[in-house]
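Visitor: Kindly return the folded structure for what I paste below:
(chains A and B)
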Amino acid sequence: MEFHQNICPRNCYDTCSIISTTHNGVLISVEGNPAHEYTLGKLCPKALDDVKKVYSPQRIRYPMRQQVRYSGFWERISWDEALTLIAEKILNLEETYGTTLPLALNKYSGNFGILHNAMEGLFTGIGATTRAIGSPCWSAGVEAQTLDFGTFFCSDPLDMSKAKLIWLWGVNPAWTAVHQMPIIFDAIDHGAKVVCFDTHFSATAARAHRYVKVCPGTDGLLALGFAKVLLEEGLIDPNLGSYTFGHEEFIHYIETEISLDHCSEITGVPISTIRNLAIEYGQTHPACIWAGFGLQRYTNGGQTLRAIDALGALAGHLGEEGGGVQYAQFETWRFSGAIQDPFHPINSSSNADQASVDNLTLNQKQTDRLLNINQFAEEAFNCTDPPVKMLWISGRNPLSQDGNLQQWKKLISQLDLIVVSDLFHSKSSEAADLFLPITTHYEHWDLNSSYWHYWVGVNEPAIPPVGESRSDLQIAWDVSSKLNKLKPGSCAFPISGDEKETLLRELGPPMLDILGIKKAEDLLNGPVRAKYPRTAWENRTFATPSRRYEFFSSRASDAHLSPLPIFIPPLNSSIDAPLRLLTPHHHSTINSQVYATGTANPDYVLHLAPELAQRYDLAVGDRAQIWNESGLLEVVIQPILGISNDVVIVFQEQVEGPLTDMGQLTLGARGFALNETFVNLRKL
Amino acid sequence: MTFFEDCPPQVLKTHGELLLALSHLFAQGGENLSQTLSPLVKSCSAIAEHYNTSRLLQANQILAQYSETNDGEYLVMCYEFNRLFVGPNAPVAPPYESVYLSSDHLVMGEQTLAVRKFYQRENLQTIGQRHEPDDFISTELEFVAYLLSRIIETQAAKNSAKIQLYKTLYQEFWQQHLGLWLKTFAHTVSQSAKHPLFSALSEILVALSTLNAPLNTKEAPYETYAPQISRRSSSRCCL
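Guide: The predicted model follows:
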């Protein structure tokens, strides 16, 4: 038996440290690393199914080419054929248009390992290209926290165990961050009270002391209502003047613009509940709010997060051990970036087999064309000078996850070549010309950080690549090699290299300093916790321009946003689509990454209130249809308690939707207002 | 008793050729059917004529018909081959023993390692199929063909100890591996095939299974391989 250190690379809070066991070169089992402070020897159902994922007979083992998109007529081709097709198309486009801008990359977090940024590096090495930027996940919240605190930072998740009051707001850790639950239970054991705010009675709500049902998209107003009570009850922090900026303006706004009657009417939370909860929040120290991603997937999502941040600040909970307002962090992602920039100084001093950059054309010094990942298809289709002609989809399944599928169909029709690199066939690869099989994290080196806890670690290969699969890094090297063979100097990305050495180069001096290690190789011994304090903003010195917590943000104002957190109503339903469709994550999947065997469910399940089901003459198990102007979906009815009569839920399915209010400043593009989706319902 | 107890060497050799032809067909994939079909037809003809089996004869006639087809038809057969055995859609009949016999229906299961140990007993290892598990149908068929060739050689040399050794190895391998899943595999192909070539191929695999099975081989209960993972490809979502 051999044991290996792995890290789960899913886009997930927990980023688990895994010990994998192999025997005779075969992956036998995976388990949580008991020495890891957050994983503590346990894994979620998704990671526990990793052996099934690795060895699924449905995993793609060879490069394949489709005769006609969506035809299902696929043939195996060699890697050399695939690479030649790709390289010749890139060179052909460059020759035709005089630029490589017709080449587009749409990549996100299918695997969050740092070495997967090789795809960005490859494209940078090719020249100016078209890129998807922003995030479909958390943009508005990231920006809100950046405006308020100056940077995107949270307390260590273990800090929550010291809280005396925990508000779980729009987050469902019992399903989506299972390692946080023992910490919450620990706090409960020490006397903490837990309140869960959500649109539906979640698995986490079932484990809380109190569940508060909030009308979707109105959480910001609820936070402002709580703030109103704090003011009325004299429960605001008397020291606000010493570490915040603009609290007078915010207080004036609350006093003049927010009424509890209106707040209660809009949020659906009784005034007495608002008052009691606010008093408890103001009187209990430390009190922690954990704001989930679902909260900000509305057109007012950024304002919602800012209002919740402001509530925490007003009550004096920021910087207190066990308290604060937690969302996520990106401080442990300060890697060198050498892999995504072939021109990075680290690369020129390394032993990487670097392609010659002497012959780089002017084209390669041009600027990339950046498209919002949440409007990618529409923006790419509208590009005319030059048009987008080749698309590489990596670490994504946009034809399952994106909201604008009609636009995707239009875009697909104008593309010369679509390349999808993935583990499994997907909605997106159904439209592909080429499918490139990639390795799992058990088959390649990688480097992983969490956006929730503060551990960083090296993922080492446990087994050889399955079939003919290759890592994204290897594919990037191979494409560069082929390009340079066909046209010397056409790509500055290395043409070969060593995965382990490449990952060590990502650990530059700032990251070594953050981790408190002397040399990059030290991380090979096991995951290391970054040397950040356990409690965020413990000195109440912030990273904003004023160095204070900013109730009033000039940067927001400059971006044509309200300088103060305010309530902006979410979108309304219509006669044609009277029900809001929510699509929260399920415990067994992350978006369309569904690998567990034996759990296949051919039906989408629509969860709704019993009264709503009755209104549509629907009972449990009935077949029905939800639809709107963008499409329709057949569903099976499942009534549940604790949900409003104007909301329906389908876990983890594709929907249509507009953009969030924030995200442009920090991530370059506004987010996806996934929860502003409305549908109609009829019995079949 | 097995088929080879009273078989003349020439018939055994034909058996071996059929096994190898099938092995090559799966190894070379749908893209090379134009090269692998003809040898299969030739060896299958010899077996069908020897045993005068009408189903086998009919199946071979279909193979013969398609072995002389045009490029367009070969392409259609290639796509069907990949739909059945390769992907990228969930393959209907993954050509690996452990998918049928392991509890989780995965590749690289305990059967894969057990097969590897069998090969090692003869100092063999899979080098031609570096990217394939040891229980890939092509490799198992090739190994059976190899054992048959050793039986023929040792019979010619009148080395009774070796003859018995290879007969025993053959029976063990069939009873413990290929014989346990070949017919299930063939049934799965038969149920899903959308091209006559693969229905015929399934017939040949069934005939081979019946012919090669020692009398005391206990086949695995028939169970069509069903894809275990939902990729939502059959969902009723439309625009």
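
Visitor: so where do the helices sit in chain B?
Guide: Per DSSP state H, chain B carries helices over the ranges B:9-28, B:33-51, B:54-67, B:71-85, B:97-101, B:110-121, B:137-156, B:160-173, B:179-192, B:196-212.

Visitor: which residues of chain B score low on pLDDT?
Guide: B:1-6, B:128-130, B:213-239 (pLDDT under 70).

Visitor: 50 instead, please
Guide: Scanning chain B for pLDDT under 50 picks out the ranges B:215-239.

Visitor: Okay, strands next: where are they in the stretch 51-200 of chain A?
Guide: A:64-66, A:74-76, A:103-107, A:130-133, A:165-169, A:193-198 (DSSP state E, counting those that start in this stretch).

Visitor: ok, B:Tyr146 - contacts?
Guide: Contacts for B:Tyr146 (Cβ atoms under 8 Å, 6 or more residues apart in numbering or on different chains) come out as B:122, B:124. C-beta: built from backbone N, CA, C; applies to glycine.

Visitor: still on that earlier bit, ranking the strands of the stretch 51-200 of chain A by burial, who's on top?
Guide: The highest mean neighbour count among these, using mean count of other Cβ atoms under 10 Å in any protein chain shown, belongs to strand A:165-169: a mean of 27.

Visitor: That strand relative to strand A:193-198, how many degrees between them?
Guide: 10 degrees (axes from the mean of the first three to the mean of the last three Cα atoms, to 10 degrees).

Visitor: what's the neighbour count on the nearest residue to A:Gln180 once chain neighbours are set aside?
Guide: Spatial nearest neighbour of A:Gln180, excluding adjacent residues (Cβ to Cβ, 6 or more residues apart in numbering or on different chains): A:Pro173 at 4.3 Å. Residues within reach of A:Pro173, counting by other Cβ atoms under 10 Å in any protein chain shown, total 24.

Visitor: Tell me if I'm right that A:Pro173 and A:Met181 touch.
Guide: Yes. With contact defined as Cβ atoms under 8 Å, A:Pro173 counts as touching A:Met181 (5.6 Å).

Visitor: any shared contact partners between those two?
Guide: A:Thr204.

Visitor: Nearest the geometric middle of chain A, what residue?
Guide: With distances taken as Cα atoms, centre = their mean, the residue of chain A nearest its centroid is A:Cys137 (4.2 Å).

Visitor: Phi and psi next, for it.
Guide: Note on A:Cys137: backbone dihedrals following degrees, to the nearest 10 are phi -110, psi -60.

Visitor: The residue lying closest to it once chain neighbours are set aside: what's it in contact with?
Guide: Once flanking residues are discounted, A:Cys137 sits nearest to A:Phe293: 6.1 Å by Cβ to Cβ, 6+ apart. Going by Cβ under 8 Å, 6+ apart, A:Phe293 touches A:137-138, A:141, A:170-171.

Visitor: Show the model's pLDDT score for A:Phe293.
Guide: For A:Phe293, the pLDDT comes out at 95.

Visitor: try A:Leu667
Guide: pLDDT at A:Leu667 comes out at 74.

Visitor: Number of residues surrounding it?
Guide: 23.

Visitor: next one: B:Ala64
Guide: 17.

Visitor: likewise the one 5 residues further on?
Guide: Residues lying near B:Thr69 (other Cβ under 10 Å) number 15.

Visitor: Contacts only, for it.
Guide: B:Met77.

Visitor: Let me see the contact set for the residue nearest to A:Gln180.
Guide: A:13, A:180-181, A:184, A:204, A:290.

Visitor: do that again at 7 Å, thanks
Guide: A:180-181, A:204 (Cβ atoms under 7 Å, 6 or more residues apart in numbering or on different chains).

Visitor: before we move on, back to that, could you dump the helices of chain B into JSON lines with distance to A:Glu280 added?
Guide: Below are the helices of chain B laid out as JSON lines (distance: least, Cβ to Cβ, whole Å):
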{"stretch": "helix B:9-28", "distance to A:Glu280": "68"}
{"stretch": "helix B:33-51", "distance to A:Glu280": "73"}
{"stretch": "helix B:54-67", "distance to A:Glu280": "77"}
{"stretch": "helix B:71-85", "distance to A:Glu280": "61"}
{"stretch": "helix B:97-101", "distance to A:Glu280": "57"}
{"stretch": "helix B:110-121", "distance to A:Glu280": "57"}
{"stretch": "helix B:137-156", "distance to A:Glu280": "66"}
{"stretch": "helix B:160-173", "distance to A:Glu280": "72"}
{"stretch": "helix B:179-192", "distance to A:Glu280": "62"}
{"stretch": "helix B:196-212", "distance to A:Glu280": "69"}
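
Visitor: which one of those helices lies closest to A:His587?
Guide: The closest of the helices of chain B to A:His587 is helix B:97-101. By Cβ to Cβ, the value is 27.0 Å.

Visitor: Off-centre distance for the closest one?
Guide: 13 Å (Cα atoms, centre = their mean, to the nearest Å).

Visitor: ok, residues contacting it?
Guide: When contacts are defined by Cβ under 7 Å, 6+ apart, helix B:97-101 is touched by residues A:57, B:105-109, B:111-112, B:115, B:135, B:140, B:177, B:180-181, B:184-185, B:220, B:225.

Visitor: switch the cut-off to 8 Å
Guide: A:57, B:105-112, B:115, B:133, B:135, B:137, B:140, B:177-178, B:180-181, B:184-185, B:220, B:223, B:225.

Visitor: So is the longest strand seen in chain A next to chain B?
Guide: In chain A, assigned by DSSP state E, the strand with the most residues is strand A:631-639. Yes. Strand A:631-639 lies within reach of chain B by Cβ under 8 Å from any Cβ of the partner chain, at A:631-634.

Visitor: how distant is that strand from the center of its chain?
Guide: 26 Å.

Visitor: Does the following helix or strand past that strand reach chain B?
Guide: Per DSSP states H and E, strand A:631-639 leads on to strand A:647-649 as the next helix or strand towards the C-terminus. No. In terms of Cβ under 8 Å from any Cβ, no part of strand A:647-649 sits within range of chain B; the closest distance is 15.6 Å.

Visitor: Could you check how far A:Leu524 is from A:Ile373?
Guide: 33 Å (Cβ to Cβ, to the nearest Å).

Visitor: Out of those two, name the residue with the larger neighbour count.
Guide: Using other Cβ under 10 Å, the more surrounded residue of A:Leu524 and A:Ile373 is A:Ile373, with 26 against 15.

Visitor: Over to A:Gly170: give its phi and psi.
Guide: phi 70, psi 30.

Visitor: That one contacts A:Ala291, correct?
Guide: Yes. A:Gly170 lies in contact with A:Ala291 (Cβ under 8 Å); the separation is 6.4 Å.

Visitor: Report the contact partners of A:Tyr454.
Guide: Per Cβ under 8 Å, 6+ apart, neighbours of A:Tyr454: A:156, A:329, A:331-332, A:529-530, A:532.

Visitor: And for it, nearest residue in space, chain neighbours not counted?
Guide: The nearest residue in space to A:Tyr454 (Cβ to Cβ, 6+ apart) is A:Ala530, at 4.3 Å.
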